[in-house]
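Asks: for reference, the sequence and a predicted model appear below.
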Amino acid sequence: MDIGPDMPLYIGFATGKSASDLFIHWEKQQELEAEEGKALWEKTWAVCRKFETKTGWFRPDLSYIPKEK
């Protein structure tokens with residue numbers, strides 16, 4: 001993604017039914033990845049200048065949802 005002078009920018013996202021559901025899934029995924037996954041994440045963080053976590057929720061009152069025909 002190319003936005004602004006501080007490039008490149010990579011955006012990832014994950015969804016869950018609730019915040020706790022999301023974090024439970026994240027922990028299970030880390031267990032499955034074991035040492036290989038940990039090594040890959042360490043390589044990833046080594047080339048990142050900044051990492052931010054943002055949380056949010058769906059707001060149907062602010063979203064356009066077309067009516068079904």
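Replies: Looks like it arrived, so ask away.
Asks: residue boundaries of the helices in this structure?
Replies: 19-46 (DSSP state H).
Asks: show me where pLDDT drops low in this protein?
Replies: For the chain, the stretches with pLDDT under 70 are 1-5.
Asks: center of it - which residue?
Replies: residue 13 (2.8 Å; Cα atoms, centre = their mean).
Asks: against residue 67, how distant is it?
Replies: To residue 67, residue 13 is 27 Å away according to Cβ to Cβ, to the nearest Å. Every C-beta, even on glycine, is put in place using the N, C-alpha and C of the backbone.
Asks: likewise for residue 14?
Replies: Distance from residue 14 to residue 67, by Cβ to Cβ: 29 Å.
Asks: more neighbours, these two?
Replies: residue 14 (9 against 4; other Cβ atoms under 10 Å).
Asks: counting neighbours, what do you get for residue 22?
Replies: Residue 22 - counted by other Cβ under 10 Å - has 14 other residues nearby.
Asks: in contact with the residue lying closest to it once chain neighbours are set aside, which residues are there?
Replies: Nearest residue to residue 22, sequence neighbours excluded (Cβ to Cβ, 6 or more residues apart in numbering): residue 16, at 3.2 Å. Neighbour list for residue 16: 22, 23, 25 [criterion: Cβ atoms under 8 Å, 6 or more residues apart in numbering].
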